[in-house]
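Undergrad: What shape does this take:
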Amino acid sequence: MAKKETGGALDLQKVRNIGVIAHIDAGKTTTTERILYYTGMVHRIGEVHEGAATTDYMDQERERGITITAAAVTSSWRGHQINLIDTPGHIDFTAEVQRSLRVLDGGVVVFDGVAGVEPQSETVWRQADKYNVPRICFVNKMDRTGANFQRCVDMIVDRLAGKPVILYLPYGEGERFGGLIDLLNMELITYGDDLGTAIERHPIPENFREQAETVRAQSIEIIVESDEFLMEKYLLEEEVTKDELMGALRAATIAGKVQPVLCGSALKNKGVQLLLDAVVDYLPSPLDIPPVVGTNPNTGEEVVRHATDDEPLAALVFKIITDPYVGRLAFFRVYSGVMRTGTGVLNSVKDRKERIGRMVRMFADKREDVDEVHAGDIAAILGLKDTFTGETLCDPDHPVVLEKISFPAPVINVAIEPKTRADQDKMGEALRKLAEEDPTFQVKVDENLGQTLIYGMGELHLEVLVERMRREHHVEAVVGRPRVAYRETITRPVRAEGRFVRQTGGSGQYGHVVVEFEPLPPDSPEEFEFVDKIVGGTIPKEFIRPTMNGIREAMQAGVLAGYPVVGIRATLVDGSWHEVDSSEIAFKIAGSLALKEGVQRGGPVLLEPMMRVEVVVPDEYTGTIVGNLSSRRALIEGMEPRPGGATSIKAVVPLGEMFGYATDLRNMSQGRGNFTMEFERYSPAPQSIADDVIKGHHSK
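TA: Numbering: from 1, shown residues only. Okay, the predicted model is just below:
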């Protein structure tokens, strides 16, 4: 499959960079598999439940039946090139979704036709809002008992504040699902074979015609609202053509005003070609989205780059994969210019030159070589030495730094040690490679205990990474019990002094600072703010930054239990210096001494991570589950009925109380309950918990 691909520039109007995003188990990977089949990239459909899906190519993905890493695939439909990324649905791998959305132009949000909008659907929808990603909705599993298309559409409005435009209605639901009613062409689409390739079109049956006409009128109304010219025609009762409607719907979708809604059953091969048509018809090309904005690292000025081959190169690396055979693969998106093999580029974040050796276009875990990658396209580079997730590659003569990707901080850690001496050296290397791939996975060494700690987004996240270390890097390790990643902060303003004076033979060291510390507001997005209020040169400019760095470094270990300090503003107000003895290192140490004193006297408290939890259980177990959550210090926020005699319970629960909850829930609900959990915020821990943590006894 390693053929060389060359050729001229792409027609950017015919490129679609899209992601398939959804809640776990909504059918993303199954939908992606059908897309690959219908676009001719695979000749046999692989099933997730059989462990044969093309984009779930890691062993663990196949065994667990879930997607762990975002897989990039290139295919084509109706003469358009589609770069497609199948993202994970599990909240522990939310960084994969986030970094994929950062480089995509459009998204396909898949909903479970039975469950409707689920917690992770809300999370990915919010992430798509954050990155202004236009999207279309696909209501999947219409063949399942309990499927309810209209309820799902209503939930998109109520829960996601979306503006759905229905393009297809299901022809029957559940076991009676037989096809789709096309509202723009007013015809019934059915399938003459199981593979969904023999598409048949018929007039709409009488018993569905009235519903189809009503919904069509509603959809047309929403479309014409977004276009003044069409609105005028519509109000004058002139005919609005199908092409005019499609053009207006495309413009409104790209602007993020509306979301076209389709339906079907990916597993039964119904509705996926129509979804591909909608991707081509309504989602943006790289030319339809605003030009990317970056900064010049030398001058700090804003730089705008358009999606054209004629501008200087600007590309963003959004994902790193370590391949056991070929080494490190860096996935990138070219925003402007052309990336060519054999050329030198600049990593503008680190100010280091990189040489472009071999580039490949990905087809899940297979790849084909390419000589050049044009503006608007996605591919991968082999063999970059210093470039990682979120960093910019650009033309050395025209440097630019594109906006980095921000990731949430990890909330859980476990101690890990190698089983044998032979594993000792290999473990460090394996952990380094895994941390390079995953920005939400961190490795730290606890100097006091001599332990290696690994940090992640949840139990499953760390479990998967340890298993990958064993399988891919052949390192056996002993893993401790999960521990909560607490934080520390102050509760009141305090003025602190840091003075570092050391006199030895010759020149000494002198640094003296006075800093006012105060808690940041609870809703502040920053963990640390530094304000320089030095006037009259009481501290020279060159010592201000070392002071800030000293404070920042000292924040890595708090005074209560050694956890990082967060949520503080440090205002440098006074100090003194010595012409001969003062140095950067002296002021750095003075800053760290001020931080330690300030936190000690600022009413320090321990913060614990609070998780947003949603549990869905059959009605008869609701009382037991609510009682159990309350015993875990949960704040119950609400309950609502779900189809099929189930109840959804929403709560905010401390992470420390949720270890082992999956097993307890299975036991309490006879295996019929399930739950999702995502990080919400840090909150002060009760005194009894704080005391236990400080004593080192709280090891739940």
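
Undergrad: Stretch 480-498: end-to-end distance?
TA: 38 Å (CA to CA, to the nearest Å).

Undergrad: Mind listing what's buried along it?
TA: The neighbour-count check on stretch 480-498 (16 or more other CB atoms under 10 Å) flags 482-490, 494-496, 498 as buried. Quick note: C-beta positions are derived from backbone N, CA and C, even for glycine.

Undergrad: Redo those as a markdown table? Include secondary structure.
TA: Below are the buried residues of stretch 480-498 laid out as a markdown table (DSSP: H, G, I helix; E, B strand; the rest coil):
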| residue | secondary structure |
| --- | --- |
| Pro482 | coil |
| Arg483 | strand |
| Val484 | strand |
| Ala485 | coil |
| Tyr486 | coil |
| Arg487 | strand |
| Glu488 | strand |
| Thr489 | strand |
| Ile490 | coil |
| Val494 | strand |
| Arg495 | strand |
| Ala496 | strand |
| Gly498 | strand |
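
Undergrad: Tell me which two of these sit farthest apart.
TA: Within the buried residues of stretch 480-498, Pro482 and Arg495 form the most distant pair, 39.0 Å apart (CB to CB).

Undergrad: Next, the contact list for Asp281, please.
TA: Contact analysis of Asp281 by CB atoms under 8 Å, 6 or more residues apart in numbering lists 246, 250.

Undergrad: Assign a three-state SS to it, would you?
TA: Once three-state DSSP is applied, Asp281 turns out helix.

Undergrad: mind checking which helix or strand Ala430 is in?
TA: helix 421-437 (DSSP states H and E).

Undergrad: any idea how far that helix is from the chain center?
TA: What separates the centre of helix 421-437 from the centre of its chain is 25 Å, taken as CA atoms, centre = their mean, to the nearest Å.

Undergrad: what is the mean pLDDT for it?
TA: Helix 421-437 shows a mean pLDDT of 84.

Undergrad: What is that helix packed up against?
TA: Using 3 or more CB pairs under 8 Å, 6 or more residues apart in numbering; DSSP states H and E, the elements in contact with helix 421-437 are strand 314-323, strand 412-418, strand 442-446, strand 451-456, helix 459-473.

Undergrad: let's see 6 Å
TA: Packing partners of helix 421-437 (3 or more CB pairs under 6 Å, 6 or more residues apart in numbering; DSSP states H and E): strand 314-323, helix 459-473.

Undergrad: Flag every buried residue along that helix.
TA: 423, 426-427, 430-431, 433-437.

Undergrad: surely Pro482 meets Ile412?
TA: Yes - if you go by CB atoms under 6 Å, Pro482 and Ile412 touch, sitting 5.4 Å apart.

Undergrad: Pro564 and Met555: what is the separation?
TA: From Pro564 across to Met555, the span is 6 Å (CB to CB, to the nearest Å).

Undergrad: of these two, who's got more company?
TA: Set Pro564 next to Met555 and count neighbours by other CB atoms under 10 Å: Met555 wins out with 21 against 17.

Undergrad: Setting the sequence-adjacent residues aside, check what's closest to that one.
TA: Val565 (4.3 Å; CB to CB, 6 or more residues apart in numbering).

Undergrad: pLDDT value on Ala9, please?
TA: What the model reports as pLDDT for Ala9 is 54.

Undergrad: Oh, that last question was meant for Glu237, not what I typed.
TA: Reported pLDDT for Glu237: 89.

Undergrad: burial count for it?
TA: 7.

Undergrad: Can you give me the distance of Thr676 to Val157?
TA: Distance from Thr676 to Val157, by CB to CB: 22 Å.

Undergrad: Give me the more crowded residue out of those two.
TA: Thr676 (19 against 12).

Undergrad: okay, that one: pLDDT?
TA: 78.

Undergrad: which residues in the stretch 451-600 of the chain form strands?
TA: 451-456, 477-479, 483-484, 487-489, 494-502, 509-519, 528-532, 568-576 (DSSP state E, counting those that start in this stretch).

Undergrad: and the ones you listed as TSV, adding distance to Ile320 and mean pLDDT?
TA: Below are these laid out as TSV (distance: least, CB to CB, whole Å; pLDDT from 0 to 100):
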stretch	distance to Ile320	mean pLDDT
strand 451-456	17	85
strand 477-479	22	87
strand 483-484	27	83
strand 487-489	28	93
strand 494-502	39	92
strand 509-519	36	93
strand 528-532	27	92
strand 568-576	32	94
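
Undergrad: Could I get the ones you listed in TSV, plus columns for distance to Gln218?
TA: TSV is the format used below for the strands of the stretch 451-600 of the chain (distance: least, CB to CB, whole Å):
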stretch	distance to Gln218
strand 451-456	45
strand 477-479	55
strand 483-484	49
strand 487-489	49
strand 494-502	60
strand 509-519	50
strand 528-532	49
strand 568-576	51
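
Undergrad: What lies in contact with stretch 189-201?
TA: Defining contact as CB atoms under 6 Å, 6 or more residues apart in numbering, one finds that stretch 189-201 is touched by 179-180, 182, 187, 269-270.

Undergrad: Same question for stretch 452-467.
TA: Outside stretch 452-467, the residues touching it (CB under 6 Å, 6+ apart) are 60, 68, 92, 410, 412-416, 434, 440-446, 479, 482.

Undergrad: Tell me where the model's unsure across the stretch 551-700 of the chain.
TA: Along the stretch 551-700 of the chain, the parts satisfying pLDDT under 70 run over 644, 697-700.

Undergrad: All the strands of the stretch 151-300 of the chain, residue numbers only.
TA: 164-166, 168-171, 179-182, 187-191, 199-202, 259-263, 292-295.

Undergrad: and the fourth one, what's its mean pLDDT?
TA: This points to strand 187-191. pLDDT averaged over strand 187-191 gives 94.

Undergrad: Mind listing what's buried along it?
TA: Residues of strand 187-191 classed as buried: 188-189, 191 (neighbour count, 16+ other CB under 10 Å).

Undergrad: Given it, what are its sheet partners and their directions?
TA: Applying DSSP bridges, strand 187-191 is found paired with strand 179-182 (antiparallel), strand 199-202 (antiparallel).

Undergrad: Mind checking the ones you listed for the one nearest to Arg545?
TA: Of all the strands paired with strand 187-191, strand 179-182 sits nearest to Arg545, with 62.0 Å by CB to CB.

Undergrad: For that closest one, what is the distance to the chain centroid?
TA: For strand 179-182, the distance to the chain centre is 33 Å (CA atoms, centre = their mean).

Undergrad: what's in contact with it?
TA: Contacts of strand 179-182 (CB under 6 Å, 6+ apart): 168-169, 171, 188-190, 204, 212, 271.

Undergrad: redo that, cut-off 10 Å
TA: 142, 166-172, 187-191, 199-202, 204-205, 208-209, 211-212, 215-216, 262-265, 270-271, 274 (CB atoms under 10 Å, 6 or more residues apart in numbering).

Undergrad: Stretch 415-427 too?
TA: Applying CB under 10 Å, 6+ apart, the external contacts of stretch 415-427 come out as 428, 430-431, 443, 446, 449-454, 462, 465-466, 469-470, 473-483.

Undergrad: Buried subset of those residues, written for ChimeraX?
TA: Paste this into ChimeraX to select the buried members of these, with burial taken from 16+ other CB under 10 Å:
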select :430,431,443,452,453,454,462,465,466,469,473,475,477,482,483
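
Undergrad: Which of the strands of the stretch 451-600 of the chain sits closest to Leu12?
TA: For Leu12, the closest of the strands of the stretch 451-600 of the chain is strand 451-456, at 38.2 Å, according to CB to CB.
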